[in-house]
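1. Sequence first, predicted model second:
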Amino acid sequence: MPASSSLLSLPTPTAAQPVIAWRGLHGAAVSLALAEALSRAQGTVVIVAQTAARAEQLLRELAFFASDIEIASFPDYETLPYEAISPPKDLLADRLSVLYKLAAGDSVKLVVNAEALLGRLPPADFVLSHSLDLSVGEEIDRDALTAKLVEHGYLRVSQVAEPGEIAVRGAVIDIYPAGSKRAVRIDLFDREIESLRLFDPETQVADTEHQRVSILPAREFPFDEAAIRHFRQRFREEFPVEPGRCPVYRDISDAQLPAGIEYYLPLFLDRTVSLLDYLPADSLILICDGALDGLIDAEALIRDRYEQMRHDTERPVLGPEAAFHSPDGIRRGIDDRPSVRLTGQPVEGVSEVADARSAHPLAGGVVDDANRITRWIEAGDAERSLVVASSAGRREVLLELLRSRGYEVSAASGWRDFIGRDDALMVAAGELDDGLSLPAAGIRIVTAEQLGLERPRQQSRRRSRAKDPESIIRELSDLQIGAPVVHEQHGVGRYQGLTTLDVDGVETEFLLLEYADGDKLYV
């Protein structure tokens, strides 16, 4: 990213100054500064955001400013602490993919929210030892391989649709590895692997052949016989209750994984670590404004949830100190590595503070009327201006609008294209939540939404995946009245059973979900 590296020219930590601060970053200048740091760094870089929503925003904006850099996400479980709901399989797959790369010594560029740092994780050797490498020509035992993958957290289904699933049909084994974008089909000739082909789970069509594939564990804890025995023993030691009356204990004893088992992870392992323990000592940590406060907020939520649930003798929960890391411990881990604090306030113990001298893109008296875009273009004194639309289609519409008003405007394929040219006014497509102004560089950016040319965008949601119908039926049959259920659009509600409604003269059966204040949803 050489063309943009000089726009902000912010320093990075050194041996003499391992902790520094950046200030004066307004709007999207934060993401631009992070992108420039990512482009200069040779090793692992971790960006810490205050909340999950802020982390998602940074990922969208970094995709615009640093489109050539692979940036991973390490989300929290996206459930309330101690909730009897397991995270989506693709979320667990994303987390395991990051852990595997770090454990293997790869350099990773990563965005994480504060709450995710408090979660307890297995040691790096667990991830490496529970990963499998399969090669064409290798001899395997089909049943032994299937059993091992089930022990590693994989679910047997009739047709794979999500990461962490396996389907066996005669001499064909389909596996959707955790951390992979595609599934793998293993064709056996007797005991020999004849071919390894990747395929799209939605179409089930295999195309690309590989000589070797890696299969990561589907869970962040072991689930073999030894792990189950370990869990049972630790459960009895931790909780002064009758184990046989606890559904979680009974399910694990029967080799079943109950929802929300992730919050019992320490009971499966001799020791746990934090994400920081996976990082090399020279990793660069970029701490966004408010991220350390996010640790305190997350801990407060954990303790509130614990107080609400600690008296449930049928589902006892681990104390906050056992189930999570402390904010102080995470701070100490951060202090052991080079770090940058992005802040508008003085930072205790930080002597080197670099000022980015950015400004808000709408500074200059732009008013909210039909001529907002004209006023913005004519009000500024920047040499170059960029308007960012939310999609390529919106970009074309905006180009036509500006040209119809007599402006000389051209399209930019992205941020790199914009900074590599000298056009005075350009339009690009990208997902920015805010713009920026860099007076020293003579550049300013504004979003089409800020100019009233687009409707406010809804936050993007995790892409839904097709589910195995038999799996859905099993899950519904296991539901009990009052059980929490996650609806993809409406969030967590309580299952209240099946009910029949008359729809256009036809009796139709619905699932009834109840939300706060008695709101009901029929599915």
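-> Yep, it's here.
2. CA atoms for contacts and neighbours, from now on please.
-> Fine.
3. Let me know the secondary structure of residue 306.
-> helix (DSSP: H, G, I helix; E, B strand; the rest coil).
4. what do you get for residue 267?
-> helix.
5. residues in contact with it?
-> 230-231, 234-235 (CA atoms under 8 Å, 6 or more residues apart in numbering).
6. How about residue 227?
-> Residue 227 touches 268-269, counting by CA under 8 Å, 6+ apart.
7. Describe which strands whichever strand or helix holds residue 340 pairs with in its sheet and in which direction.
-> If you go by DSSP states H and E, residue 340 is part of strand 339-342. Strand 339-342 sits in its sheet next to strand 19-23 (parallel), strand 284-287 (parallel), going by DSSP bridges.
8. Quick check: which of these is buried the most?
-> Of all the strands paired with strand 339-342, strand 284-287 carries the top mean neighbour count, a mean of 26, counting by mean count of other CA atoms under 10 Å.
9. Any chance you could give me that strand in PDB, C-alpha atoms only?
-> Extracted in PDB, the C-alpha atoms of strand 284-287 (Å, rounded to 0.1, in the frame of the first residue of the first chain):
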ATOM      1  CA  LEU A 284       1.400  -5.600  17.100                       C
ATOM      2  CA  ILE A 285      -1.800  -4.800  19.000                       C
ATOM      3  CA  LEU A 286      -3.900  -1.800  17.900                       C
ATOM      4  CA  ILE A 287      -6.400  -0.800  20.500                       C
END
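10. Need the phi and psi values for residue 124.
-> phi -60, psi -30 (degrees, to the nearest 10).
11. Distance of residue 114 relative to residue 375?
-> 40 Å (CA to CA, to the nearest Å).
12. For these two, indicate the residue with more neighbours.
-> residue 114 (30 against 17; other CA atoms under 10 Å).
13. gap between residue 260 and residue 101?
-> For residue 260, the distance to residue 101 - CA to CA - is 26 Å.
14. Would you mind writing the CA trace of the strand holding residue 340 as CSV?
-> Output in CSV follows, covering the C-alpha atoms of strand 339-342 (Å, rounded to 0.1, in the frame of the first residue of the first chain):
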residue,chain,number,x,y,z
SER,A,339,0.8,-1.7,21.1
VAL,A,340,-0.9,1.5,19.8
ARG,A,341,-3.7,3.2,21.6
LEU,A,342,-6.1,5.1,19.2
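15. hang on, the earlier thing: which among the strands paired with strand 339-342 is found nearest to residue 74?
-> Among the strands paired with strand 339-342, strand 284-287 comes nearest to residue 74, with 14.0 Å by CA to CA.
16. what does that closest one rub up against?
-> Counting by CA under 8 Å, 6+ apart, 34, 41, 43-49, 334, 337-342 sit against strand 284-287.
17. try it again with 7 Å
-> The contact list for strand 284-287 (CA atoms under 7 Å, 6 or more residues apart in numbering) reads 44-49, 337-342.
18. Just give me the closest of those to residue 144.
-> For the contacts of strand 284-287, with residue 144 as the reference and CA to CA as the criterion, the closest is residue 44, at 36.8 Å.
19. Contact partners for the closest one?
-> 107-109, 283-284.
20. With pLDDT and distance to residue 67 as extra columns, can I get the contacts of strand 284-287 in CSV?
-> Shown next, in CSV, are these (pLDDT from 0 to 100; distance: CA to CA, whole Å):
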residue, pLDDT, distance to residue 67
44, 97, 17
45, 97, 16
46, 98, 17
47, 98, 16
48, 98, 19
49, 96, 20
337, 93, 27
338, 94, 25
339, 94, 23
340, 94, 22
341, 93, 24
342, 92, 22
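21. Of these - the most surrounded one?
-> residue 48 (27 neighbours).
22. picking up where we left off before, I'd like to know which of the contacts of strand 284-287 is nearest to residue 129.
-> residue 44 (22.4 Å).
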